[in-house]
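A.B. asks: Need the 3D shape of this:
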Amino acid sequence: MGDAIRRAPTASMRAISRDRFGEGEARHLLWRAGFGGTDAQIATLAEWGPERAVDHLLDVDNAAGYPGVRSDAFDAGVIREFTREEQRAYRMALQQGDEAAVARFRGLRESMQRADRDQMRSVQRWWLTRMIESSRPLEEKMTLFWHGHFATSYRTVENSYHMFLQNQLFRSHALGNFGDLLFRIIRDPAMLKYLNNDRNFRASPNENLARELMELFALGEGQYQERDIREGARALTGYTYSGNEFVFDANRHDDGQKQILGTSGNLNGDDFVKAILARRACSDFIATKLYRWFVVDDIPARGTPARASMERVIRDLSGALRRHRYEIKPMLRMLFLSEHFYDSANRHMQIKSPAELVVGTVRSLHTPVRDLNTLLDAMELMGQRLFFPPNVAGWAGGRAWINTSTVFVRQNTTAFLLTGMTPGSGPALTERAYDPAMAIRDFVTRRPEAARDPERMAGRLLEVMLGMEIGGARRESVARVLGADGNPLSNDGILQAMMLISAMPEYQLC
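C.D. replies: Numbers count the residues shown, from 1 in each chain. As a prediction, the model looks like this:
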């Protein structure tokens, strides 16, 4: 929708009243604060009302029914550095021209790298499964947010266990304190490797981590000077890792006087982070990023009422972050309860990311997972390969998710989940058959008379899958499919109707 005609949502941060919180609001909350929900889950949250529904999603620490992350879930030593003895033997083999010995060492390294790539794929499958099955959807949604915010790619890190450790770090701080996470990120082996801080020496400072810490992670462009980058890099000298652990190497650290963002002294990495957190620009920056993640990612043009409304809300969210010393949960509670969040102008305004499309289809429609590798490959074709963000800025998101190539992959992936068939494949496997009536079973139980009315069934199915009313010829076409054999509840008719709806542009929105 163009900025000129886009209606400005209310800027009210007052809590939405219980009588205005119905199934439409519950559905909106489940999609934005998670990956959608079933018909029954939506009805339950609507019955609970806004405060209980929001607190239920935020209370990830007490959510039952899904296991925590085991420390031994993956092999911590799948890839390792050569021991001192191995390094000495390798150097000697090179010096003596012992080609057989050199080949053995290179073969050992290549074997570890192959095993590590295999484990990286296993970690991808594990996380996708967790997003689909977790009883803590907001925890996984925020883990995905931090993964895109502190973007780190396995392609550079080349250590699957370090990527797994970073994923655990994001999950453990998903709804926690942003400041604590910032202190941890400058000690994270994957991040230290990705931004070359393991090569940040007193004699030759590397500025990559210092620059991105301010530009992309905490402050934004225009909120620092080049001198702050140089001095920040000096503060981070000696911050490295050994094996799977952070190491501070005092011999590499520059312990001279520094000045960063107006703070002077013999500053180290922690002092650098404290100087960042002291800036109001930091809370503004994080509030903006979270607003775009949960509300609208397409920023309205300057000078428009919609832009003014957004900026007022972000100021309120930023203030909440500062009042609560960068605790994320209180700010999100305020947002998820606000009248602004549920304004109709903010609904159906986000294009589902590949993760939201895949995970949301399974979670909201009860489809089988079918094949994790197929889903991961499809997500990559759609532009989102987990643990492989395109660059340090993460995925662009928004309208970048949709182009002439990805739109067909998105439709085919949904069809695969519904039917088990890929383009050119045969019938779906019977052991993975899908009962499409599950998507509307709760509604039919509560409204049994609707089961005999193709028009009402069409309206409900459109509401379940799109979260909005669709009228005219498209609704009539869905009703015709449902009533084709005289039984609006036949599995074949419902499945064909769901295929028709999933091909509508609105299915790509949440």
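
A.B. asks: how about Gly303, what does it touch?
C.D. replies: For Gly303, no contacting residues are found, by Cβ atoms under 8 Å, 6 or more residues apart in numbering. C-betas here are computed from N, CA, C, even on glycine.

A.B. asks: quick one: it from Val409, how far?
C.D. replies: When distances are taken as Cβ to Cβ, to the nearest Å, Gly303 and Val409 turn out to be 37 Å apart.

A.B. asks: Which strands or helices does the helix or strand hosting Ala100 pack on?
C.D. replies: Secondary structure from DSSP states H and E places Ala100 in helix 99-133. Using 3 or more Cβ pairs under 8 Å, 6 or more residues apart in numbering; DSSP states H and E as the contact criterion, the elements in contact with helix 99-133 are helix 84-96, helix 137-149, helix 160-172, helix 354-365, helix 372-381.

A.B. asks: For Ile286, find the nearest of those helices.
C.D. replies: In terms of Cβ to Cβ, the element of the helices and strands packed on helix 99-133 nearest to Ile286 is helix 137-149, at 8.7 Å.

A.B. asks: So what touches the closest one?
C.D. replies: For helix 137-149, with Cβ under 8 Å, 6+ apart as the criterion, the contacting residues are 30, 33-35, 57-58, 60, 63, 130-131, 134, 167, 170-171, 173-175, 181, 217, 289-290, 293, 328, 353, 355, 363, 386-387, 389, 394-395, 397.

A.B. asks: please redo it, this time with the cut-off set to 6 Å
C.D. replies: By Cβ atoms under 6 Å, 6 or more residues apart in numbering, the residues outside helix 137-149 that reach it are 33-35, 57, 60, 131, 134, 170-171, 174-175, 293, 394-395.

A.B. asks: on that earlier part again, any idea of the mean pLDDT in the helix holding Ala100?
C.D. replies: Predicted confidence along helix 99-133 averages 94 (mean pLDDT).

A.B. asks: list the buried ones in it?
C.D. replies: By neighbour count on 16 or more other Cβ atoms under 10 Å, the buried set for helix 99-133 is 105, 116, 119-120, 122-124, 126-128, 130-133.

A.B. asks: Of those, just say which sits nearest to Met334.
C.D. replies: Top of the list for closeness to Met334, among the buried residues of helix 99-133 and by Cβ to Cβ, is Met131 at 25.3 Å.

A.B. asks: hang on, isn't the closest one packed against Val359?
C.D. replies: Yes. In this structure Met131 lies within contact range of Val359 using Cβ atoms under 6 Å: 4.6 Å.

A.B. asks: Give me the residue at the spatial middle of this structure.
C.D. replies: Closest to where the C-alpha atoms of the chain average out (Cα atoms, centre = their mean) is Leu144, at 2.3 Å.

A.B. asks: and the gap between it and Arg171?
C.D. replies: Counting by Cβ to Cβ, the gap between Leu144 and Arg171 amounts to 10 Å.

A.B. asks: how far does stretch 47-56 sit from the chain's center?
C.D. replies: 23 Å (Cα atoms, centre = their mean, to the nearest Å).

A.B. asks: What residues of it count as buried?
C.D. replies: Applying a neighbour-count criterion of 16+ other Cβ under 10 Å, one finds Trp48, Gly49, Pro50, Ala53, Val54 buried in stretch 47-56.

A.B. asks: Can you pull the phi and psi angles for the first one?
C.D. replies: The phi and psi torsions at Trp48 (degrees, to the nearest 10) take the values phi -70, psi -30.

A.B. asks: Read off the pLDDT value for the residue lying closest to it once chain neighbours are set aside.
C.D. replies: The spatial neighbour of Trp48 that comes closest, neighbours along the chain excluded (Cβ to Cβ, 6 or more residues apart in numbering), is His56 at 7.2 Å. Taken from the predicted model, the pLDDT recorded for His56 is 97.

A.B. asks: Please, which helix or strand holds His56?
C.D. replies: Applying DSSP H and E as the criterion places His56 in helix 50-58.

A.B. asks: Let me know the angle separating that helix from helix 137-149.
C.D. replies: Our comparison of helix 50-58 with helix 137-149, counting by axes from the mean of the first three to the mean of the last three Cα atoms, to 10 degrees, yields an angle of 60 degrees.

A.B. asks: quick one: contacts of helix 50-58?
C.D. replies: Applying Cβ under 6 Å, 6+ apart, the set of residues contacting helix 50-58 from outside is Ile16, Phe21, Ala33, Leu45, Leu138, Lys329, Arg333, Phe336, Leu337.
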